[in-house]
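1. The following block contains a protein sequence and its predicted model.
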Amino acid sequence: EDLTERDLEYLRPFALKVDTHMPGKTFSKLPFAFPQCNVSSWKSVQSYVAQQSGFEPQVYHCCVDSCCAFTGPFSDKEACPYCNTPRYDAKGRPRKEFVYLPLIPRLKAFLANGEMAAKMEYRGKEHTHQPGITKDVMDSELYRTLLGKNVTVDGRSMQHRFFEDARDVALGLSTDGFAPFKQRVKT
């Protein structure tokens, strides 16, 4: 389905803000700098893009010192259970938020896009391991050890093996800015 001119009115400023890491204050000045362009508010742009893409971001309140997210057992807390820093500012707004795009809809979107789906098969169809040379995560010791082993869940060996299908997806976790242990150092 082709994009309409209305779609582009929302997607162009969205792409500009995301690609350039444009601060919200700067984005809010675009309608004044370019009155002929009919630039909507960032909130309107986000809402439109989320609705069109099928992605619904989840917003979590966080401690300003990154001690915790106010979810699960902390969802009703008014202050951080670790450092006692208030969750809300004087106007009742969360002092810090984390925006999360759920993984499953993102993977579905990748696989629905033919070009991206082909790129995701790189591991299974194009990568060639050369012993002693590490060029990619697929050359890592852990990955090489998992190859050919049956997947085990709750101590029970499954029939399928790790990465036996070219379409299998290996997920990595980056914890940049996140310190999960009590003796953490602020990041």
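-> Thanks, I have it.
2. so how many other residues sit close to F98?
-> For F98, the count of nearby residues is 16 (other Cβ atoms under 10 Å). Just so you know, the C-beta spots here come from the backbone N, C-alpha and C atoms, and that holds for glycine as well.
3. part of a helix, is it?
-> No. Counting by DSSP: H, G, I helix; E, B strand; the rest coil, F98 is not found in a helix; it is strand.
4. How about it: which residues does it bridge to?
-> Y60 (DSSP bridges).
5. And stretch 34-50, end to end?
-> 24 Å (Cα to Cα, to the nearest Å).
6. list the contacts for the most centrally placed residue in the chain?
-> The residue lying closest to the centre of the chain (Cα atoms, centre = their mean) is L101, at 5.2 Å. With contact set as Cβ atoms under 8 Å, 6 or more residues apart in numbering, L101 has these partners: 55, 57-58.
7. Which pLDDT value goes with it?
-> With respect to pLDDT, L101 scores 80.
8. Residues contacting the lengthiest helix in the chain, please?
-> Identified as the longest helix of the chain according to DSSP state H is helix 5-20. Helix 5-20 is contacted by residues 3, 22, 27, 30, 38-40, 42, 44-46, 48-49, 52 when judged by Cβ under 8 Å, 6+ apart.
9. Now list the buried members of the contacts of L101.
-> For the contacts of L101, a burial check counting by 16 or more other Cβ atoms under 10 Å picks out nothing.
10. before we move on, the earlier item: where strands are concerned, which of the contacts of helix 5-20 count?
-> In this view, the contacts of helix 5-20 have no member that belongs to strands under DSSP state E.
11. which residues in the protein form strands?
-> 58-61, 97-100, 150-153, 156-161.
12. Return the member of the ones you listed having the minimum mean pLDDT.
-> Looking at the strands of the chain, the bottom one is strand 97-100 with a mean of 86.
13. Most distant residue from the centre of this protein?
-> Q36 (33.6 Å).
14. burial measure for G114, as a count.
-> G114 has 8 nearby residues by other Cβ under 10 Å.
15. what does L103 give?
-> Each residue near L103 was counted by other Cβ under 10 Å, and the total is 9.
16. And the one 3 residues further on, by the same measure?
-> The burial count assigned to R106 is 12, neighbours taken as other Cβ under 10 Å.
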